[in-house]
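K.L.:
okay, here's the prediction I keep looking at, along with the sequence it came from:
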Amino acid sequence: MFFDTALSTNDLIFLARGAGMTLIVTAISVFFGTVMGIVFGVFRYQVGPWWAAPLTFVLDIFRSIPLLIQLVLANAFVTTVLGWRVSGFTVACGVLSLYTAAYCAEIVRGGIEAVPPTLRRAARSLGMSWGQDMTSVVMPLAARIALPSWIGLALGVMKDSALVYVVQVVELLKSAQILITRLQEPLFLLIVCGSFYFLISFPIARFGGYLERKWSRD
Amino acid sequence: MFNYNFRWAQALNSLPRMLEGALVTLEVALLSMVIGIAIAILLTLFRLSGSRILGAIAATWVEIARNTPALFQIYMVHFGLGGFGIHLSPYLSLLIGIAFNNAGYLSENFRGALKGIPDTQTRSARSLGMTPLQAFRHVVMPQMLRISFLPMTNQMVWAILMTSLGTVVAMNTDLYGVTSDLNARTFRTFELFAIAAVIFYLITKTVTLSARLLAARLFRY
């Protein structure tokens, strides 16, 4: 029968640990990725397309190569080429952060560009400095435009974090895989694992869609 | 500078095999896009049909495709269906997994595109005597596909990148599979995967550029 499973309490704890790892890797990467993304995005907007071309090129690479290859490459580079002793967890967080930053920079730039230039000129003519203009005029407006896409990005990173198994980080999907090899109950374990992703992603995605609709109305 | 001997020549020897893998990657991505677009149109029709059951099927498909990792979906096709006694080859599992994912995302794109097409068009097509299906096929669908052309090229790039996930179902003929096979034999991890990365970059750039040229050519007004 479907619920007749050999899954023990210990296995459940093992799965929960995997889920915890997924969430930790996601949280760290989204945090650092967003910070870097904001810096890159503002820089790209500020210096114009020509001077930002090298940065644009590098960020574009992160979006044009499979994440799996990025992880393997970064891991090989750090551990064998540079010879550093770095854990897979650090490599995973580093790569995922840069990956997040590459997408986030696009979102930030789009958000800034959506703020009417006349509004910013008005702010500057009132005597606001560049920093004041950025923090009190551009940021609140751009954040509204960028937030729905940012939520989508964060959820995307959570789903993509399933790939960090390749640098020996045991996250949710990998721990399910390990249990499948032992218990031979692929369907049940996969459904448990998929539901976890779904239950986190679905409500947040819905919330993002709700925000987008609400804010596009006024 | 580095305490590491790069052996590019050795890795470059296997370039022909990797290029063959790249062709398989492109083939899987293209097929998955064709199947994905076909299913996405079907799902869009389900949503427009007004039937509650068909609508629920489409909504479930889209939400599962969008809210679980692609890796999970491919894994599910291969090992999950295996639980029902349906055993698919790695190639088919990968293709079906990516097509499932594509269909979900594309259907959502189509829904966004439909918002840009006024209802009055369908109504006037209907009053001209077209059946609902004819109105969709001849009036709405061409516009829908045109509006969502750019999102579709993005999805194509995603499909190319997703082929690398075939490794979890032991797919070893695509670019990633070939590279990791070579890596298992020679241990030149960095060199081999760097070459694979360059190939992937060139493929995705070629696809986006040609799509942009095609769009400029097709959608001139």
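P.N.:
Yep, it's here.
K.L.:
now do the contacts for the residue sitting nearest the centre point of chain B.
P.N.:
With distances taken as C-alpha atoms, centre = their mean, the residue of chain B nearest its centroid is residue B:159 (3.3 Å). The neighbours of residue B:159, taking C-beta atoms under 8 Å, 6 or more residues apart in numbering or on different chains as the test, are B:28-29, B:32-33, B:36, B:98, B:102. C-beta: built from backbone N, CA, C; applies to glycine.
K.L.:
just the pLDDT for it.
P.N.:
Note for residue B:159: predicted pLDDT of 95.
K.L.:
contact partners of stretch B:28-38?
P.N.:
Contact with stretch B:28-38 is made by B:91, B:94-95, B:98-103, B:106, B:152, B:155-156, B:159-160, B:162-163, B:166, B:174, as judged by C-beta under 8 Å, 6+ apart.
K.L.:
stretch B:169-183 too?
P.N.:
Contacting residues not belonging to stretch B:169-183 are listed as A:66, A:68-69, B:14, B:17-18, B:20-22, B:24-25, B:28, B:74-75, B:77-79, B:90-91, B:93-94, B:163-164, B:166-167, B:188-189, B:192-193, B:195-196, B:199-200 [C-beta under 8 Å, 6+ apart].
K.L.:
between the two ends of that stretch, how far is it?
P.N.:
18 Å (C-alpha to C-alpha, to the nearest Å).
K.L.:
report the mean per-residue pLDDT for that stretch.
P.N.:
90.
K.L.:
flag every buried residue along that stretch.
P.N.:
For stretch B:169-183, a neighbour-count test (16 or more other C-beta atoms under 10 Å in any protein chain shown) marks B:169, B:171-183 as buried.
K.L.:
tell me which stretches of chain A form helices.
P.N.:
Applying DSSP state H to chain A gives helices spanning A:9-51, A:53-64, A:67-76, A:88-113, A:117-125, A:130-132, A:139-160, A:172-183, A:186-217.
K.L.:
can I get the CA coordinates of the fifth one in PDB?
P.N.:
Right, the one you point to is helix A:117-125. Presented in PDB, the C-alpha positions along helix A:117-125 are these (Å, rounded to 0.1, in the frame of the first residue of the first chain):
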ATOM      1  CA  PRO A 117      13.800  60.800 -15.000                       C
ATOM      2  CA  THR A 118      11.900  64.100 -14.500                       C
ATOM      3  CA  LEU A 119      11.000  63.000 -11.000                       C
ATOM      4  CA  ARG A 120      14.700  62.500 -10.200                       C
ATOM      5  CA  ARG A 121      15.600  65.800 -11.800                       C
ATOM      6  CA  ALA A 122      13.000  67.500  -9.600                       C
ATOM      7  CA  ALA A 123      14.500  65.800  -6.500                       C
ATOM      8  CA  ARG A 124      17.900  67.100  -7.500                       C
ATOM      9  CA  SER A 125      16.700  70.600  -8.200                       C
END
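K.L.:
next, the angle helix A:67-76 makes with the helix or strand hosting residue B:161.
P.N.:
Secondary structure from DSSP states H and E places residue B:161 in helix B:149-162. In terms of direction (axes from the mean of the first three to the mean of the last three C-alpha atoms, to 10 degrees), helix B:149-162 departs from helix A:67-76 by 50 degrees.
K.L.:
ok, so what distance separates the most centrally placed residue in chain A from residue B:199?
P.N.:
With distances taken as C-alpha atoms, centre = their mean, residue A:157 lies nearest the centre of chain A, 3.4 Å away. Using C-beta to C-beta, to the nearest Å, we find residue A:157 at a distance of 25 Å from residue B:199.
K.L.:
repeat for residue B:82
P.N.:
Taken as C-beta to C-beta, the span from residue B:82 to residue B:199 is 31 Å.
K.L.:
re earlier: closest one of the buried residues of stretch B:169-183 to residue B:216?
P.N.:
Ranked by distance to residue B:216 (C-beta to C-beta), the buried residues of stretch B:169-183 are led by residue B:175 at 28.9 Å.
K.L.:
pLDDT weak spots in chain A?
P.N.:
A:1-5, A:217-218 (pLDDT under 70).
K.L.:
how about a cut-off of 80?
P.N.:
Confidence mapping of chain A against pLDDT under 80 gives the ranges A:1-7, A:216-218.
K.L.:
re the thing from before, now render the contacts of residue B:159 as JSON lines, adding neighbour count.
P.N.:
As requested, the contacts of residue B:159 are arranged in JSON lines below (neighbours: other C-beta atoms under 10 Å in any protein chain shown):
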{"residue": "B:28", "neighbour count": "24"}
{"residue": "B:29", "neighbour count": "26"}
{"residue": "B:32", "neighbour count": "27"}
{"residue": "B:33", "neighbour count": "23"}
{"residue": "B:36", "neighbour count": "25"}
{"residue": "B:98", "neighbour count": "28"}
{"residue": "B:102", "neighbour count": "27"}
